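J.: Here is a sequence with its predicted model. Questions after.
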Amino acid sequence: MRAALIEAPGKVGVTSVPDPTPGPRDVVVKVASTGLCGTDLHILQGEFAPRLPVIPGHEFAGEIVAVGTAVTELSVGDRVAVDPSLYCHECRYCRAGRGNLCERWAAIGVTEPGGAAEFAVAPVANCFRLPEHVDVRDAALIEPLSCAVRGYDVLNSSTLGAEVLIYGSGTMGLMMLELAKRTGAASVDVVDINTERLSTAELLGCSRSATSAEALDRPEGWDFVVEATGNINAIQDGLGRVAKGGTFLQFGVSEYAAEAVIEPYKIYNHEITITGSMAVLHSYERAAALFATGLLDPSVFISDRLPLEQYPQAMERFKAGQGRKIVVEP
């Protein structure tokens with residue numbers, strides 16, 4: 001089969017590799033679409049993946065074409081979206097129900113061959129059957145949505161009338177916007193230096209938008225500040241925008257070496273919470289259900305659909321900050 005392959009830091013291409021075969025409790029998925037995200041870029045830069053080469057693509061969906069000998073839940077022909085998370089189920093974090101913090105954490109498309117290929121293997125337990133009305137080519141959006149759902153679990157943003165500020169109007173920032181609108185927020189403001197992406201946040205109904213938080217003129221700060229870029233300048237600025245009693249969520253993925261400065265007295269005196277959200281936890285199935293209700297408009301979120309052979313060009317486009325969600329369709 002044909003597959004994208006990150007061979008070494010900075011080196012990605014498309015090549016032929018052996019077709020995958022399922023283990024007893026696995027299925028083989030004919031990939032309909034796989035999304036690109038910041039994690040793929042980090043892997044290309046030499047971070048996250050413990051070893052290279054690796055076939056990327058942790059956001060994917062498709063049709064089952066083969067099943068393992070012990071699979072009874074799903075059948076050939078079922079259309080599924082795939083949760084890429086792989087846990088050991090044995091370490092203290094897994095035993096505590098915190099699999100996303102697993103000491104041996106792994107993921108399809110990060111540590112194991114992913115969905116940027118014609119076919120991909122996944123445990124049957126990680127596959128969720130799609131309703132007939134859901135286009136499988138759009139269902140790659142479910143994985144990033146499940147990360148956003150996890151973010152809101154961590155944020156615990158059930159306070160009615162909260163003021164929310166989101167840094168970043170890429171795919172993840174826009175998904176956080178859509179969720180914030182539905183969690184009783186009084187307002188949801190969005191900041192981004194990319195005016196093209198910012199216009200999408202306006203289209204989706206953010207309360208206010210600007211290229212800097214300073215321009216929004218809210219000296220008292222926001223109850224919830226969501227950092228969805230991973231950019232150190234945005235992180236540093238956002239830490240200073242949290243209102244008394246508020247929460248700062250580090251949702252974007254920064255570079256390993258990034259550092260920010262905090263003000264310990266302010267955190268103490270204003271009872272500010274600083275927290276993070278790591279990938280997916282008990283949220284994929286809920287995200288799939290929300291997606292099926294039409295929570296997201298795929299035509300707004302997906303800006304580019306490219307063939308697998310153009311995976312390197314898709315990565316370059318993503319790296320340049322062009323478009324919104326870029327998907328590759330093998």
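T.: Arrived safely. Numbering: from 1, shown residues only.
J.: what sits against the most centrally placed residue in the chain?
T.: The chain has residue 144 as the residue nearest its centroid, 3.1 Å off, counting by Cα atoms, centre = their mean. Applying Cβ atoms under 8 Å, 6 or more residues apart in numbering to residue 144 gives the contacts 35, 37, 59, 171-172, 175, 325. For glycine as for every other residue, the C-beta is placed from the backbone atoms N, C-alpha and C.
J.: got the contact list for the one helix or strand in the chain whose mean pLDDT sits lowest?
T.: Ranked by mean pLDDT, DSSP states H and E, the weakest helix or strand in the chain is helix 38-44, scoring a mean of 93. Where contact means Cβ under 8 Å, 6+ apart, the residues beyond helix 38-44 that reach it are 6, 9-10, 12, 48-49, 52, 54, 56-58, 109-110, 172, 230, 252-253, 255, 315, 318-319.
J.: For the host helix or strand of residue 93, buried residues please.
T.: Per DSSP states H and E, residue 93 falls inside helix 92-95. By neighbour count on 16 or more other Cβ atoms under 10 Å, the buried set for helix 92-95 is 93-94.
J.: And what about the residue nearest to the centre of the chain, helix, strand or coil?
T.: With DSSP: H, G, I helix; E, B strand; the rest coil as the basis, residue 144 sits in helix.
J.: where's it relative to residue 71, distance?
T.: 27 Å (Cβ to Cβ, to the nearest Å).
J.: Could you do residue 42 as well?
T.: 32 Å.
J.: Then residue 32?
T.: 20 Å.
J.: Could you do residue 143 as well?
T.: Going from residue 143 to residue 71 by Cβ to Cβ gives 21 Å.
J.: Check residue 240 too.
T.: 52 Å.
J.: Give me the more crowded residue out of the two.
T.: When residue 240 and residue 71 are compared for neighbours, residue 71 comes out ahead with 21 against 14, by other Cβ atoms under 10 Å.
J.: residues in contact with that one?
T.: Going by Cβ under 8 Å, 6+ apart, residue 71 touches 22, 24-27, 124.
J.: Looking at the residues you listed, which are in strands?
T.: Of those, the ones assigned to strands by DSSP state E are 26-27.
J.: Pull out the buried members of the contacts of residue 71.
T.: 22, 26-27, 124.
J.: In a markdown table, list those residues along with pLDDT.
T.: Formatted as a markdown table, the buried ones among the contacts of residue 71 follow (pLDDT from 0 to 100):
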| residue | pLDDT |
| --- | --- |
| 22 | 98 |
| 26 | 98 |
| 27 | 98 |
| 124 | 98 |
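J.: Which pair of these spans the longest distance?
T.: The most widely separated members of the buried ones among the contacts of residue 71, counting by Cβ to Cβ, are 22 and 124 (8.8 Å).
J.: what's the overlap in contacts for these two?
T.: Contacts common to residue 22 and residue 124, judged by Cβ under 8 Å, 6+ apart, are 67-68, 71.
J.: Which parts of the stretch 101-250 of the chain are strands?
T.: 106-107, 119-123, 127-129, 163-167, 187-191, 208-210, 222-227, 242-250 (DSSP state E, counting those that start in this stretch).
J.: And the contacts of residue 144, which is the shakiest by pLDDT?
T.: Lowest pLDDT within the contacts of residue 144 is found at residue 37 (93).
J.: For that residue, grab the count of nearby residues.
T.: Neighbours of residue 37 using other Cβ under 10 Å come to 23.
J.: That one is in contact with residue 175, isn't it?
T.: No: assessed by Cβ atoms under 8 Å, residue 37 is found out of contact with residue 175, at 11.2 Å.
J.: how about the contacts of residue 71, which pair is most distant?
T.: Maximum pairwise distance in the contacts of residue 71, criterion Cβ to Cβ, is 10.9 Å, between 24 and 27.
J.: what residues are shared contacts of the two?
T.: Joint contacts of residue 24 and residue 27 (Cβ under 8 Å, 6+ apart) are 68, 71.
J.: which stretches of the stretch 51-200 of the chain have low pLDDT?
T.: 157-158 (pLDDT under 70).
J.: change it to 90
T.: For the stretch 51-200 of the chain, applying pLDDT under 90 flags the ranges 51, 155-160, 183-184.
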